[in-house]
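Colleague: how would this look folded up:
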Amino acid sequence: MDGKKDRVLIIGATGYLGKRMVKASIALGHPTFILYRPEIVSDVGKVQMLIGFKMQGAILLQGSFDDQESLVSALKQVDVVVSVVAGNNTLLEQLKLVEAMKQVTTIKRFLPSEFGMDADRMGHAIPPGDMVFINKRIIRRAIEKANIPYTYVSANCCAGIFLSGLAQLENFMPRTDHVKIYGNGDKKCVWVDEDDMAMYTMMTVDDPRTLNKILYLRPPSNILTQMEVVQIWEKLIGKELKKIFLTQEEWLASMDDLTPYIQVALTHLYQIFYNGDLEFEAEGPHGVDSNDLYPDFKYVTAEEFLKRYL
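Modeller: I've put the predicted structure just below:
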């Protein structure tokens, strides 16, 4: 071993999670490459973000899923690929990336765009939210068929999206008056700070224990029910919130006349808080738990996260 860090290519680097992946990759000492689309030059915010990455040492490569030659060229310069593309329609674009990897043949690890619930556990998901899991499974099977080394990161629930608003739909600040409780509020969720998600992810890229595995991010202090999270917030503000309990039937009926995007969010909340789809333990031989692999990692607890909003 010469101690050299793997070269990491990040796709989707200017996105919500992508920018955090860049930060974590650089912090861990990986030579970090960023693939950016040509049309991004018209977005001043994203251009400045890219320049900021460059000033921190990242290498910018222009390319896109629609330009196979650019993908192949980028892949030849790196060892590991982390895809953080957003949007259900974009997920299947990763099939072009898989084809490029088959052509290059030297990629040591591919982490496709996952970072939510484990797609292979969600074959029972209800529509329209099921399409996200279906498309992620299509990508997984293509990776495995091509014998590309992989790690799938099941990061569960982004704290900035779920925990920040006490799991209220489209609300990203915790209320101080009332809160809607799903069912009895007793289903376990796994709430993970986004910067921690990125650091966990980047710690896996050269960890042999995560090769061809599903890594479940499960910070022990953050495996909490919605009611437990509400109680943490109530303790912090010194006030009890009015609680509005919603039955499963009421929640599903609320999807009527909503946009498809919001309907997807509603069904994912249903899977977590009514169906209890995050109530499981990581199982071998293919599943590994972040706490078992990285027990000394100082993650942000749910209480620490919520204190930011005081």
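Colleague: can you find the helix or strand in the chain with the smallest mean pLDDT?
Modeller: helix 88-91 (a mean of 87; mean pLDDT, DSSP states H and E).
Colleague: so what does that helix touch, helix or strand wise?
Modeller: Other helices and strands packing on helix 88-91, by 3 or more Cβ pairs under 8 Å, 6 or more residues apart in numbering; DSSP states H and E, are helix 130-145. All C-beta atoms are positioned from the backbone trio N, CA, C, and that covers glycine.
Colleague: for the following helix or strand past the helix it packs on, output the C-alpha coordinates as CSV.
Modeller: Sequence-wise, the next helix or strand downstream of helix 130-145 (DSSP states H and E) is strand 151-154. What follows is strand 151-154, C-alpha atoms only, in CSV (Å, rounded to 0.1, in the frame of the first residue of the first chain):
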residue,chain,number,x,y,z
THR,A,151,-21.5,0.5,-2.6
TYR,A,152,-25.1,1.5,-2.1
VAL,A,153,-25.6,4.0,0.7
SER,A,154,-29.0,3.9,2.3
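Colleague: can I get the helix or strand hosting residue 19 in PDB, CA atoms only?
Modeller: Assignment of secondary structure by DSSP H and E places residue 19 within helix 18-27. Taking C-alpha atoms only, helix 18-27 is exported to PDB below (Å, rounded to 0.1, in the frame of the first residue of the first chain):
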ATOM      1  CA  GLY A  18     -23.600  16.900  -4.000                       C
ATOM      2  CA  LYS A  19     -21.900  20.000  -2.600                       C
ATOM      3  CA  ARG A  20     -21.500  18.200   0.700                       C
ATOM      4  CA  MET A  21     -19.900  15.200  -1.000                       C
ATOM      5  CA  VAL A  22     -17.300  17.500  -2.500                       C
ATOM      6  CA  LYS A  23     -16.500  19.100   0.900                       C
ATOM      7  CA  ALA A  24     -16.200  15.600   2.500                       C
ATOM      8  CA  SER A  25     -14.100  14.200  -0.300                       C
ATOM      9  CA  ILE A  26     -11.600  17.100  -0.100                       C
ATOM     10  CA  ALA A  27     -11.500  17.000   3.700                       C
END
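Colleague: chain center to that helix, what's the gap?
Modeller: A distance of 13 Å separates the centroid of the chain from that of helix 18-27, by Cα atoms, centre = their mean, to the nearest Å.
Colleague: over to stretch 256-264?
Modeller: 21 Å.
Colleague: neighbouring contacts of it?
Modeller: For stretch 256-264, the surrounding residues in contact (Cβ atoms under 8 Å, 6 or more residues apart in numbering) are 88, 128-129, 131-132, 169-170, 255, 266.
Colleague: again, 6 Å this time
Modeller: Applying Cβ atoms under 6 Å, 6 or more residues apart in numbering, the external contacts of stretch 256-264 come out as 128-129, 255.
Colleague: can you give me the strands in this protein?
Modeller: Using DSSP state E, the strands of the chain run over residues 8-11, 32-36, 59-62, 80-83, 109-111, 151-154, 157-158, 178-182, 188-192, 213-216, 223-225, 242-246, 287-289.
Colleague: and those strands as a markdown table, adding distance to residue 46?
Modeller: Putting the strands of the chain into a markdown table (distance: least, Cβ to Cβ, whole Å) gives the following:
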| stretch | distance to residue 46 |
| --- | --- |
| strand 8-11 | 14 |
| strand 32-36 | 8 |
| strand 59-62 | 12 |
| strand 80-83 | 17 |
| strand 109-111 | 22 |
| strand 151-154 | 24 |
| strand 157-158 | 20 |
| strand 178-182 | 35 |
| strand 188-192 | 25 |
| strand 213-216 | 29 |
| strand 223-225 | 35 |
| strand 242-246 | 38 |
| strand 287-289 | 34 |
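Colleague: for those, which one sits closest to residue 119?
Modeller: strand 151-154 (7.9 Å; Cβ to Cβ).
Colleague: tell me, what residue is most central in this structure?
Modeller: For the chain, the residue nearest the mean C-alpha position is residue 115 (2.4 Å; Cα atoms, centre = their mean).
Colleague: the closest residue to it other than its chain neighbours: neighbour count?
Modeller: Nearest non-adjacent residue to residue 115, counting by Cβ to Cβ, 6 or more residues apart in numbering: residue 155, 4.3 Å away. A count of nearby residues for residue 155, using other Cβ atoms under 10 Å, gives 24.
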